[in-house]
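Visitor: return atomic coordinates for the entry below.
(one chain, ligands or ions: 1)
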Amino acid sequence: MATTRTGVRGGIVTGWGISVPDKVVTNDDLSATMDTNDAWIRERTGIRERRIGGTTSQLAIEAGLAALARAGRRPDEIDAVVLATTTPDQIVPGTSATVQDGIGVPGGAFDVNAACSGFVYALAVAHGLLAIGAERLLVIGSETLSRITDWDDRSVAVLVGDGAGAVVLEAVDGPGQLLSWNLGADGSLRHLLMCDHGGYLFMDGKEVFRKAVRVVVDSAEQAIAEAGLTAADVSLLVPHQANLRIISAACQRLGIPEEKAVVVIDRYGNTSSASIPLALVDALETGRLQPGDHVLLTGFGGGMTWASAVLRWGG
Ligand code: UT7
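Guide: Numbering: from 1, shown residues only. Below you'll find the predicted structure:
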């Protein structure tokens, strides 16, 4: 399904922040404990190192507070915490409740689990809340994939990392930043990427890779078209950071030069729903995103799910 937003109350991002654990785990660190090596991991995935540690709520709180500080907003000015995560601290309560309490937000709090597409799903949901009257929201992607990883399984262990990214989204009269959005899912593929209660993350990497490129390209193309743009109008691509080869293949098929894609997978690995906000904040902090730029966010993951959004930065 793809649709353009027709409401008259939009949103703009007024603050952003991240949090990553201090502990850096390099490829060489991993090859000391399992049958892998730095060259394989770099060539097949683009990952050099990842951060490991913390809890999903702790990272989310730190990222959320950083975003509030950047926006110049107090916690009591926030109407709700929308937390994208697929690695909640507990099954019940939602991790967003811990985040709400930790930050001191007086409003609502709920989790969104759409695996690695979660942040874009959360952003779309948040825009819906703004359209029906919310003034300010904290939208966070936070993950501790390390906690559901079997550290003896090299097929997953070399890929994952922990971290969080957050934005403050504020209501504006008129259309705001979001030009289009596209959400999708195909639950018949849920066996490709899964984790049972108390178990470890399993992934059919080859099959996920094949499907990911197709769904992410289709979703991004729909979002670009719904925004009334072409690939040439995209100033910056902020993709889910699962594999550098997936990002390259998607760029090629979309006709977007790779230099326009933000890449942080080398530093953080795959952080699921945190990867898009980590990359977005990196682009903002390095001056790669200016008012008026068209930024395409696009992700895919377990479910399978996929999601894209086109924003005109600065409203
Ligand atoms: O964010 C959620 C979505 N997740 C993804 O999008 C991940 C998608 N999949 C991938 O990124 C890739 O499929 C992987 C990085 C997981 C694997 O890359 P690949 O190019 O598909 O490798 P492969 O599984 O075909 O394995 C190639 C070879 C095999 O050896 P043989 O059979 O050729 O002798 C594997 O046993 O590499 C071997 N191998 C490894 N070697 C060193 C597999 N894992 C490793 C490893 N270190 N960690």
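Visitor: get me the contact residues on the stretch 1-150 of the chain for the ligand.
Guide: Applying CB under 6 Å from any ligand atom, we find that the stretch 1-150 of the chain lies next to the ligand at 36, 40, 44-45, 116. Using the backbone N, CA and C atoms, a C-beta is placed for each residue, glycine as well.
Visitor: next, whatever residue of the chain ends up closest to the ligand: phi, psi?
Guide: In the chain, the residue that lies nearest the ligand is residue 205 (2.9 Å; CB to the nearest ligand atom). Per-residue torsions, residue 205: phi -50, psi -50 (degrees, to the nearest 10).
Visitor: hang on, it packs against residue 154?
Guide: No: using CB atoms under 8 Å, residue 205 is not in contact with residue 154; the gap is 10.9 Å.
Visitor: buried ones among the residues of the stretch 1-150 of the chain next to the ligand?
Guide: Buried by 16 or more other CB atoms under 10 Å: 36, 45, 116, out of those.
Visitor: wait, doesn't the second one sit right on residue 157?
Guide: No: look at residue 45 against residue 157 with CB under 8 Å: they stay out of range, at 11.8 Å.
Visitor: mind listing the helices for the stretch 1-150 of the chain?
Guide: 27-31, 38-45, 56-71, 95-103, 118-131 (DSSP state H, counting those that start in this stretch).
Visitor: could those helices go into CSV alongside mean pLDDT?
Guide: As requested, these are exported to CSV (pLDDT from 0 to 100):
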stretch, mean pLDDT
helix 27-31, 98
helix 38-45, 98
helix 56-71, 98
helix 95-103, 98
helix 118-131, 97
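Visitor: how about those, which one is nearest residue 82?
Guide: Proximity to residue 82 (CB to CB) singles out helix 118-131 among those, at 4.7 Å.
Visitor: return that closest one as PDB; C-alpha atoms alone will do.
Guide: The C-alpha trace of helix 118-131 is given here as PDB (Å, rounded to 0.1, in the frame of the first residue of the first chain):
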ATOM      1  CA  GLY A 118      10.500   0.000  12.600                       C
ATOM      2  CA  PHE A 119      11.800   3.500  12.600                       C
ATOM      3  CA  VAL A 120      10.100   4.400   9.300                       C
ATOM      4  CA  TYR A 121       6.900   2.800  10.600                       C
ATOM      5  CA  ALA A 122       7.200   4.800  13.800                       C
ATOM      6  CA  LEU A 123       7.700   8.000  11.900                       C
ATOM      7  CA  ALA A 124       4.600   7.300   9.800                       C
ATOM      8  CA  VAL A 125       2.500   6.600  12.900                       C
ATOM      9  CA  ALA A 126       3.900   9.700  14.600                       C
ATOM     10  CA  HIS A 127       2.700  11.800  11.600                       C
ATOM     11  CA  GLY A 128      -0.700  10.300  12.100                       C
ATOM     12  CA  LEU A 129      -0.700  11.500  15.700                       C
ATOM     13  CA  LEU A 130       0.300  15.000  14.700                       C
ATOM     14  CA  ALA A 131      -2.500  15.000  12.100                       C
END
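Visitor: tell me the buried residues in it?
Guide: Those would be 118-127, 129-131, for helix 118-131 by 16+ other CB under 10 Å.
Visitor: which residue is the nearest non-sequential neighbour of residue 311?
Guide: In this structure, residue 311 finds its nearest non-sequential neighbour in residue 177, 4.3 Å apart by CB to CB, 6 or more residues apart in numbering.
Visitor: give me the pLDDT for the one you found.
Guide: Note for residue 177: predicted pLDDT of 96.
Visitor: okay, and for this protein, where does confidence drop off?
Guide: Scanning the chain with the threshold set as pLDDT under 70 gives 1-7, 315.
Visitor: could you pull out the strands in it for me?
Guide: Assigned by DSSP state E, the chain shows strands spanning 2-3, 9-19, 24-26, 49-51, 80-84, 108-112, 136-144, 162-173, 178-185, 193-194, 202-203, 236-239, 294-301, 305-312.
Visitor: next one: the last one, is it in contact with the ligand?
Guide: When you say that, I think you mean strand 305-312. No: counting by CB under 6 Å from any ligand atom, no contacts exist between strand 305-312 and the ligand, the nearest distance being 9.9 Å.
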